[in-house]
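J.: next come a sequence and a model predicted from it.
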Amino acid sequence: MLLVEPRQWAAVARYRLSVVIWPFLLTLVVSSLVTAYPMASHIVRRAGQFAAGYDKQFDPMMLTGGKLSVIPEKGKKPLQITGPNGKLIVRPEVTGLYHDTSRPTVVVLTQNHIVYTGSWRFFSTPIQSISMRRMQILMALSNGLQVPHGKNGHLDPPPVKVDSTSLLATVNSNRFTISFILDLFIGLVVFVFDGLWCGLMIIMISPLIAMLNRPNGMPLGRAYRISLAVMVPLLAFRSLLVLFHIVPIDDQSVVASFLLLISPMPLAIWAGLIATRMYAPFQKRKP
């Protein structure tokens, strides 16, 4: 009822904190996943576009026996994508860890593994991730190739050429899985930032609600419960705005960012005024 009935925002002042904290946390989790979904879908869509245009710029690569190699072609270059905060490069001559501090985050395709490195403190020591053998199995299955068992019982994938055709087939075959993983990861980031934002807003608007209800003698602790209740519809409404692309999650203008920042204020005043009427001292009429 916190989503549809403003009177409930003020009513929670009479309840235990647990009555409102669980709806708030549930809304925060769901809204974070809903907010992350458009960004995850955008990344998957961009991955498909990149795969479709791979052959125009970059040398094809070959995965054979769990090892990566580059096939040089005239007019093309080895894979390298550079952005302001990240970089993706291929280093087929490297067999171990590789350290590159030119960007905060650097993803390196070595001969045997995918390595995460960069100048960000988390990557001060390079992290060796997925093996090229696993990538070869994944791409072989995504492209409809048979992956038989070898003599030792392990999967023995056939050679796979990394080009636009194989990359696009891999993205399309694993679109749902990639979107799901990205949604969880981005949703976790959104959950942390939205949680911090909610905490800051609750600290700011609770004294305002308590001041409006000063004639009623409302303690600040009860005002905090009303503030929690106010954030529930606000989080739900904002996630729907992002989901339907009314408000972008990135590249927001200064005006949009400011309006989102102060949006709890009018709701807090509304809830505070409802509370002043709901908890006004009862006065007997004179005869």
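T.: It's in.
J.: switch to C-alpha atoms for all contacts and neighbour counts from now on
T.: Noted.
J.: who does Val162 form a beta bridge with?
T.: In this structure, Val162 bridges to Met61 when assessed by DSSP bridges.
J.: what count of nearby residues applies to it?
T.: 23 (other Cα atoms under 10 Å).
J.: quick one: contacts for it?
T.: Counting by Cα atoms under 8 Å, 6 or more residues apart in numbering, Val162 makes contact with 60-63.
J.: what subset of the residues you listed is buried?
T.: 60-63 (16 or more other Cα atoms under 10 Å).
J.: and of those, the nearest to Asp163?
T.: The nearest member of the buried ones among the contacts of Val162 to Asp163, counting by Cα to Cα, is Pro60 at 5.3 Å.
J.: okay, buried residues for stretch 159-175 please.
T.: For stretch 159-175, burial by neighbour count (16+ other Cα under 10 Å) applies to 159-164, 166-173, 175.
J.: pLDDT of that stretch, averaged?
T.: The pLDDT scores in stretch 159-175 average 96.
J.: alpha carbons of it, as CSV, please.
T.: What follows is stretch 159-175, C-alpha atoms only, in CSV (Å, rounded to 0.1, in the frame of the first residue of the first chain):
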residue,chain,number,x,y,z
PRO,A,159,39.5,-25.3,-33.9
VAL,A,160,37.4,-22.2,-34.0
LYS,A,161,38.1,-19.1,-36.1
VAL,A,162,37.3,-15.9,-34.3
ASP,A,163,35.6,-13.6,-36.8
SER,A,164,32.4,-11.7,-37.3
THR,A,165,30.4,-14.9,-38.0
SER,A,166,31.5,-16.9,-34.9
LEU,A,167,31.4,-13.9,-32.6
LEU,A,168,27.9,-12.9,-33.7
ALA,A,169,26.7,-16.5,-33.3
THR,A,170,28.3,-16.6,-29.7
VAL,A,171,26.5,-13.4,-28.7
ASN,A,172,23.1,-14.5,-30.1
SER,A,173,23.3,-18.0,-28.6
ASN,A,174,24.1,-16.7,-25.1
ARG,A,175,22.1,-13.4,-25.2
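J.: how about the secondary structure of Glu5?
T.: coil (DSSP: H, G, I helix; E, B strand; the rest coil).
J.: circling back: ok, the buried residues of stretch 159-175 vs Val12, which is closest?
T.: Arg175 (42.7 Å).
J.: surely the closest one touches Val44?
T.: Yes - between Arg175 and Val44 a contact is recorded at 7.0 Å, counting by Cα atoms under 8 Å.
J.: mind listing the helices for the stretch 51-200 of the chain?
T.: 54-57, 132-142, 164-173, 175-212 (DSSP state H, counting those that start in this stretch).
J.: mind putting those helices into a markdown table with distance to Leu241?
T.: Below are the helices of the stretch 51-200 of the chain laid out as a markdown table (distance: least, Cα to Cα, whole Å):
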| stretch | distance to Leu241 |
| --- | --- |
| helix 54-57 | 34 |
| helix 132-142 | 35 |
| helix 164-173 | 28 |
| helix 175-212 | 15 |
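J.: for Gln57, give me its contacts.
T.: Gln57 touches 75-77, counting by Cα under 8 Å, 6+ apart.
J.: hmm, try it at 7 Å
T.: 76-77 (Cα atoms under 7 Å, 6 or more residues apart in numbering).
J.: repeat for Ala13
T.: Applying Cα under 7 Å, 6+ apart to Ala13 gives the contacts 222-223, 225-226.
J.: looking at those residues, which one is closest to Ser124?
T.: Arg225 (42.5 Å).
J.: please identify the helix or strand for that closest one.
T.: Here Arg225 sits within helix 220-243, counting by DSSP states H and E.
J.: so how far is that helix off the chain centroid?
T.: Relative to the centre of its chain, helix 220-243 is centred 20 Å away, using Cα atoms, centre = their mean, to the nearest Å.
J.: who's in contact with it?
T.: Helix 220-243 is touched from outside by 2-3, 9-10, 12-13, 17, 20, 24, 27-28, 31, 34-35, 38, 198, 202, 205-207, 209-210, 247-249, 267-268, with contacts defined as Cα under 7 Å, 6+ apart.
J.: low-confidence bits of the stretch 101-250 of the chain, can you list those?
T.: Filtered on pLDDT under 70, the stretch 101-250 of the chain yields the residue ranges 248-250.
J.: one step back: turn the contacts of Val162 into JSON lines, columns for pLDDT and distance to Ser263.
T.: Below are the contacts of Val162 laid out as JSON lines (pLDDT from 0 to 100; distance: Cα to Cα, whole Å):
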{"residue": "Pro60", "pLDDT": "97", "distance to Ser263": "51"}
{"residue": "Met61", "pLDDT": "98", "distance to Ser263": "51"}
{"residue": "Met62", "pLDDT": "97", "distance to Ser263": "53"}
{"residue": "Leu63", "pLDDT": "97", "distance to Ser263": "53"}
